[in-house]
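Enquirer: Sequence first, then the predicted structure, then my questions.
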Amino acid sequence: MGVAVMKLRNPPVNSLSLECLTEFTISLEKLENDKSIRGVILTSECPGIFSAGLDLLEMYGRNPAHYAEYWKNVQELWLRLYTSNMILVSAINGASPAGGCLLALCCDYRVMADNPKYTIGLNESLLGIVAPFWFKDMYVNTIGHREAERALQLGTLFSPAEALKVGVVDEVVPEDQVHSKARSVMTKWLAIPDHSRQLTKNMMRKATADNLIKQREADIQNFTSFISKDSIQKSLHMYLEKLKQKKG
Ligand SMILES: CCCCCCCCCCC/C=C/C(=O)SCCNC(=O)CCNC(=O)[C@H](O)C(C)(C)COP(=O)(O)OP(=O)(O)OC[C@H]1O[C@@H](n2cnc3c(N)ncnc32)[C@H](O)[C@@H]1OP(=O)(O)O
C-alpha cells in the first residue's frame with residue numbers, strides 16, 4: 001500500500017548520533033523521492049526505547065566545529081521530517097525523551113504503547129540545557145501555549161496516560177497493538193487524496209519551518225556558543241554521571 005516502516009536501530013538507546021542522524025536523513029530523502037511511497041511508520045527496534053534523543057556525547061567534550069556540524073544535521077533532519085509530504089505515523093514503543101519526543105512530534109499521528117515505564121516529553125531543562133525555539137514552537141503547535149510553557153520549564157516526562165491527556169500523543173494502546181494500530185491509522189490517512197492533504201499540512205506547518213529556515217546560521221551559532229559554555233558542559237557532565245550511577 002505504499003507504506004514504509006522505518007525502524008530506528010542504534011543500540012543501546014537509539015541516541016541520535018551524527019552518523020545516525022545522517023543515515024536517517026538520507027533514508028528519508030530516498031523515501032520522499034520514491035513516488036510509490038505515500039506513508040512512513042516510524043518506530044524503534046531497541047526494546048523499550050523509542051529514542052533517547054540527541055546523543056549527549058556529540059554535545060559534550062567536543063570542539064565548536066563539531067557542535068556546529070552536529071547541529072546543522074539536527075536541523076536538517078527536523079526540517080525534512082516536519083515538512084515531509086508523506087504521511088508520518090509514529091509507533092512509540094518505548095521511552096522518548098527530548099530529541100526522541102521531537103521525532104514523534106514531527107509525525108502526523110502518534111500512537112504510544114501503554115506502558116507506564118515509557119515516558120515522553122521535552123525534558124531539556126532537567127539536563128540544565130534549553131530546548132531551542134523550534135522545538136518549543138512545535139510543542140506549542142501540538143499541546144498549546146500553556147501546557148508547553150509548563151512542560152518545558154519543568155522538563156516534564158509524561159507517562160502514556162498523561163501524554164494522551166495533554167495531547168503529546170494521539171492514542172495509547174496495549175503494547176502488542178502499537179504496530180497494528182499505527183497501520184490502521186495509516187490506512188485511514190491514505191484514504192485522503194495526497195494533494196489536498198499535503199497542501200493542508202504545508203499550510204499548517206510552513207510558518208514554523210520557515211521560522212528556522214530564515215535563521216539557520218544564527219541558530220547554529222547560538223547552539224555552538226551555548227553548548228560550549230563551561231557551565232553547560234558541567235551540567236552535561238553531571239547528567240552523564242547520573243546516568244552512569246543509575247546502573248551501579
Ligand atoms: C539561549 C538558548 C540557546 C539554545 C541553544 C540550544 C541548546 C541545546 C539544545 C539541546 C537539545 C537537546 C536535546 C536532547 O535530545 S538531549 C538528550 C536528552 N535525553 C535524555 O535525557 C535521555 C537520557 N537517557 C535516559 O533517560 C535513559 O538512558 C533511557 C530512559 C533512554 C534508557 O534507560 P536504560 O536504563 O535502558 O539505559 P541507560 O540509562 O543505562 O543507558 C544506556 C547507555 O546509553 C547512554 N545514554 C543514554 N541516553 C543517552 C543519550 N541521549 N546520549 C548518549 N548516550 C546516552 C547511557 O549513558 C548508558 O551509557 P553507558 O552504558 O556507557 O553507561
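Expert: Perfect, thanks for sending it.

Enquirer: Can you get me a residue count around residue 58?
Expert: By other C-beta atoms under 10 Å, the residues close to residue 58 number 23. To be clear about C-beta, it is placed using only N, CA and C from the backbone, and glycine gets the same treatment.

Enquirer: ok, now which ones touch it?
Expert: Going by C-beta atoms under 8 Å, 6 or more residues apart in numbering, residue 58 touches 17, 18, 66, 70.

Enquirer: I'd like to know how far it sits from residue 131.
Expert: Distance, residue 58 to residue 131, by C-beta to C-beta, to the nearest Å: 17 Å.

Enquirer: Likewise for residue 211?
Expert: 14 Å.

Enquirer: more neighbours, the two?
Expert: residue 131 (22 against 13).

Enquirer: my read is the more buried one is in a strand, agree?
Expert: No: read with DSSP: H, G, I helix; E, B strand; the rest coil, residue 131 is coil and lies in no strand.

Enquirer: separation between the residue nearest to it when sequence neighbours are not counted and residue 88?
Expert: Distance criterion C-beta to C-beta, 6 or more residues apart in numbering; nearest residue to residue 131, sequence neighbours excluded, is residue 124 at 4.4 Å. Distance check for residue 124 against residue 88: by C-beta to C-beta, it reads 23 Å.

Enquirer: Is residue 87 bridged to anything, and to what?
Expert: Counting by DSSP bridges, residue 87 forms beta bridges with residue 39.

Enquirer: Next up, the contacts around it.
Expert: Applying C-beta under 8 Å, 6+ apart to residue 87 gives the contacts 38, 39, 40, 108, 186, 189, 190, 197.
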